[in-house]
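> give me a 3D structure for the following:
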Amino acid sequence: MTIALVGNPNSGKSSLFNQLTGLRQKTGNFPGVTVEKKSGKLKLPGGKTVKIIDLPGAYSLYPTSQDERIVLNVLTNPKDENYPDAIVYVADITNLEKHLLLLTQIRDLGIPCLLALNMSDIAEKQNMKVNEQKLAGFLKMPVISVSGRTGSKVAVLKEKMGELLGSPSVHKKPFYPFNEVEKKTGGRIQAALKIENPYRAKLIAHHYNKLPFLSENEKKEIANICEAEKFQNLRLQISETMQRFETFVPALRSAIQQKGSGPVFTDRIDAVLTHKTFAPLIFFVIMFFVFQAIYAWATYPMELIDGGFAMLGEWVRQTLPAGWFTDLLTDGVLAGLGGILIFIPQIAILFLLIGILEEVGYMSRAVYIFDKLMQQFGLNGRSVVALVSGGACAIPAIMSTRTIGNWKERLITIMVTPLISCSARIPVYAILIGLVVPDGTVMGIFNLQGLAFMGLYLLGIVAALLSAFVFKKILKSDEKSFLMMKMPTYRWPVWRNVWQNIYQKVMAFVVEAGRVIMVISVVLWVLASYGPATAMEEAERSALATAKAQSLNEAETADLMAARKIEASFAGHLGKAMEPAIKPLGFDWKIGIALLTSFAAREVFVGTMATIYSIGSTDEETSVRDKLAAARNPETGAKVYSAATAMSLLIFYVFAMQCMSTVAVVRRETGSWKWPAIQFFYMGLLAYLGSLLTYQLMS
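Next comes the predicted model:
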């Protein structure tokens, strides 16, 4: 059996879902946290195991965004695999008037339901009391106060859920009485589609064009019925909404025994944090602190991980017998994984600080603060959610755009979000910044590398806004945009949620990146270790002759031979073929190979370079960064990673769309290959031209 959690955005459904199922799903205070149907298992007190679904937040069954359409599609289609046997409606007890519209609609659908008054801990602090029995009598359903954050009365809620499934009584009298047009239209649709519930038939009359479970013939038949009965969609929708509010608001107010003092503390803080002048400055200072912390706090654990992998590689080489398998393990697998796992501390710190901002309720303020600014660029305040989330990963960020009702603003947000520097860019930024920016401080406080890191993020943000402005001029739409949202109360973060969120995100990064890097490292090791027989033999002879002429020692001879063999290998041939196109950017053939492999995922760049510079090397304990810093052009003797080359490469990675998973998500969200193709092309063009300009100006 299936129980669905339904409610408005920011009602605390995700927190309650975590309490019920034990699964730790992302919990936050800004719109769009839950944009997909999430499910888990719950064992009820009677021993029965049920499926729990956390549906996206919705304000009513008259959808204005894609996530609201998901709720409509599920609740109006009994054949849907996620159609619930019962519903737990989660409402913010401190803001009930705005939360009960959807509940009354669900009750009229005839689905067994109970009302969970969430955030009871906050209501208690505000001295707010609700007469649960009186409210239950009016709504004709069980009502219980709970707290998804603290777990208060969750055990009682589980018992009530079991009782609801055991005796699913449904109140026959509808909350909203139909007028004559609605009765006739709904009755004819009920007969045509063999529907028992009248309100479901009415919703189908309103939304038939966008309901995927209806066939084209059924849609045509419904259209004819609506036209014949003069079914005025918008007028009837407004009339229904107003009548529902007029019915339940007086009853609700009579059930509130003590209104409470309200969130005075929140209001006082908002007077500063949402101030017209100070708010953007405060946001900038907070983000500045985040980027400083990413560098300042991560240095020591990164050094431990780097040293640990270097020692592990040396131990494996000394322990295992010499041969191809040992070389594959040390120069391929360990070098590739070590090159990426070193950046876990920086990524964890990013998720920690962003997670705290979400938990305390600040991210909703960011939506409000920047709404007016975003509109100038063809976006809206909710786009800030995607842009800030993009600092962690573009994939969930793009999915969060489902909360944006305006199709033009949603599409523009999708098209520019990958320009925001994500966590996958951190390894690339960190290793290249370390080559060109000294590890010092400004005024003894601000880390120089942290400042450079923030500069790259700001560059991505500026590029995203300017690109959005261009799309605003190109895409045409008469649809008007507005932002309506409730600011959540400030509250202390639930550290369990924060730590669990960090664990999930870091593990996802390690698993996804590790899987890709493992495969690419092995393939790259093979391509870089083998090549055409004659070319490899000639490379060996040439290296020995040069070593003899220059009187090189054994270690120097081995390194020279490894370099010549890589150049003669299959990977070397591939890189050489690319070199003419990337040479104007300051890139050599080795960088070309890394650019090619990192189209799978940006972070693969570091693993690729670690593998290339480890093959044949006699020094297992030197870090990847040190090897790159020491790399020299064999023809000129100049540093491969000069300031011009490193900056050119940084600019390339700021702009380039090098994430196939993001391309796939954009394809899914837009329903076409047209937009991901345009996105890939314009970002690639920005990357090439920006990199070219940077190198030519600096060299």
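> C-alpha from now on. contacts and neighbour counts both.
Will do.
> which of the helices or strands spans the residue located most distally from the centre of the chain?
Residue farthest from the centre of the chain, counting by C-alpha atoms, centre = their mean, is residue 549 at 56.9 Å. Assigning secondary structure by DSSP states H and E places residue 549 in helix 533-550.
> report the buried residues of the helix or strand just after that helix.
Next helix or strand after helix 533-550 toward the C-terminus (DSSP H and E): helix 554-568. Buried residues in helix 554-568, counting neighbours by 16 or more other C-alpha atoms under 10 Å, are found at 557-568.
> same deal with stretch 645-660?
Buried residues in stretch 645-660, counted by 16+ other C-alpha under 10 Å: 645-659.
> which helix is the longest one in this structure?
helix 495-529 (DSSP state H).
> who are the packing partners of that one?
helix 335-341, helix 344-360, helix 554-568, helix 570-582, helix 604-614 (3 or more C-alpha pairs under 8 Å, 6 or more residues apart in numbering; DSSP states H and E).
> now with 7 Å?
When contacts are defined as 3 or more C-alpha pairs under 7 Å, 6 or more residues apart in numbering; DSSP states H and E, helix 495-529 sits against helix 335-341, helix 344-360, helix 570-582, helix 604-614.
> what's the next secondary structure element after the stretch of helix or strand residue 662 belongs to?
Taking DSSP H and E as the criterion, residue 662 maps to helix 660-670. Per DSSP H and E, the first helix or strand lying C-terminal to helix 660-670 is helix 674-698.
> chain center to that following helix: distance?
Mean-position distance between helix 674-698 and its chain equals 24 Å (C-alpha atoms, centre = their mean, to the nearest Å).
> how about that helix: buried residues?
Buried residues in helix 674-698, counting neighbours by 16+ other C-alpha under 10 Å, are found at 675-676, 679-680, 682-692, 694-695.
> what do you get for stretch 67-79?
Buried residues in stretch 67-79, counted by 16+ other C-alpha under 10 Å: 67-77.
> and these, which of them are in helices?
Those of these lying in helices (DSSP H): 67-75.
> can you redo those as TSV with pLDDT?
As requested, those are arranged in TSV below (pLDDT from 0 to 100):
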residue	pLDDT
67	80
68	87
69	87
70	87
71	90
72	92
73	91
74	90
75	93
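> so the spatially most central residue of the chain: helix, strand or coil?
Most central in the chain under C-alpha atoms, centre = their mean is residue 396, positioned 2.4 Å from the mean C-alpha point. Classification of residue 396 using DSSP: H, G, I helix; E, B strand; the rest coil returns helix.
> next, the contact list for it, please.
For residue 396, the contact set (C-alpha atoms under 7 Å, 6 or more residues apart in numbering) is empty.
> distance of it from residue 71?
Distance, residue 396 to residue 71, by C-alpha to C-alpha, to the nearest Å: 19 Å.
> and if you look at residue 375?
28 Å.
> what of residue 245?
21 Å.
> what's the neighbour count on the closest residue to residue 627 other than its chain neighbours?
Excluding its sequence neighbours, the residue lying closest to residue 627 (C-alpha to C-alpha, 6 or more residues apart in numbering) is residue 613, at 6.9 Å. By other C-alpha atoms under 10 Å, the residues close to residue 613 number 20.
> residue 360 now?
Using other C-alpha under 10 Å: residue 360 sits among 18 other residues.
> other residues contacting the host helix or strand of residue 161?
If you go by DSSP H and E, residue 161 is part of helix 154-166. With C-alpha under 7 Å, 6+ apart as the test, helix 154-166 has contacts from 44-45, 86, 146.
> pull that helix out as CSV, backbone CA atoms only.
These are the backbone C-alpha positions of helix 154-166, laid out as CSV (Å, rounded to 0.1, in the frame of the first residue of the first chain):
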residue,chain,number,x,y,z
VAL,A,154,6.0,11.0,15.0
ALA,A,155,5.2,7.7,16.7
VAL,A,156,1.6,8.8,17.3
LEU,A,157,1.4,9.8,13.6
LYS,A,158,2.5,6.3,12.6
GLU,A,159,-0.4,4.9,14.6
LYS,A,160,-2.9,7.2,13.0
MET,A,161,-1.5,6.3,9.6
GLY,A,162,-2.2,2.6,10.4
GLU,A,163,-5.7,3.4,11.5
LEU,A,164,-6.4,5.4,8.4
LEU,A,165,-5.4,2.5,6.2
GLY,A,166,-7.3,0.1,8.4
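> and the next element down the chain from it?
On the C-terminal side of helix 154-166, the closest following helix or strand by DSSP H and E is helix 180-193.
> strand partners of the helix or strand hosting residue 3, parallel vs antiparallel please.
Following DSSP H and E, the helix or strand that holds residue 3 is strand 2-7. Take DSSP bridges as the rule and strand 2-7 pairs in its sheet with strand 49-54 (parallel), strand 86-92 (parallel).
> pLDDT on the shortest one, on average?
The one in question is strand 49-54. Here strand 49-54 scores 89 as its mean pLDDT.
> ok, residue 241 - how many residues close by?
Neighbours around residue 241, by other C-alpha under 10 Å: 16.
> not counting the helix holding residue 662 itself, show me its contacts.
Contacts to helix 660-670, defined as C-alpha under 7 Å, 6+ apart, come from residues 394-395, 599-601, 673, 676.
> so which bits of that helix are buried?
For helix 660-670, by 16+ other C-alpha under 10 Å, it's 662-663, 665-667, 669-670.
> same check, this time on stretch 199-219
Under the neighbour-count criterion of 16+ other C-alpha under 10 Å, stretch 199-219 has 199-209, 211, 214, 218-219 buried.
> tell me the span between the first and last residue of that stretch.
Across stretch 199-219, first to last residue, C-alpha to C-alpha, it's 17 Å.
> domain ranges for the protein?
2-166, 180-258, 273-474, 512-698 (automatic domain parsing).
> any chance of the ones you listed in a markdown table, plus distance to residue 489?
Compiled in a markdown table, the domains of the chain are given as follows (distance: least, C-alpha to C-alpha, whole Å):
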| stretch | distance to residue 489 |
| --- | --- |
| domain 2-166 | 8 |
| domain 180-258 | 19 |
| domain 273-474 | 7 |
| domain 512-698 | 32 |
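> the stretch 101-250 of the chain: helices as residue ranges?
Here the stretch 101-250 of the chain has its helices, by DSSP state H, counting those that start in this stretch, at 120-125, 132-139, 154-166, 180-193, 198-207, 216-228, 233-255.
> most tightly packed of those helices?
helix 198-207 (a mean of 22; mean count of other C-alpha atoms under 10 Å).
> elements contacting that one?
helix 180-193.
> what does the helix it packs on rub up against?
Here helix 180-193 has contacts from 196, 198, 201-202, 222, 225-226, 229, 231, using C-alpha under 7 Å, 6+ apart.
> pick the one among those residues closest to residue 538.
residue 222 (77.3 Å; C-alpha to C-alpha).
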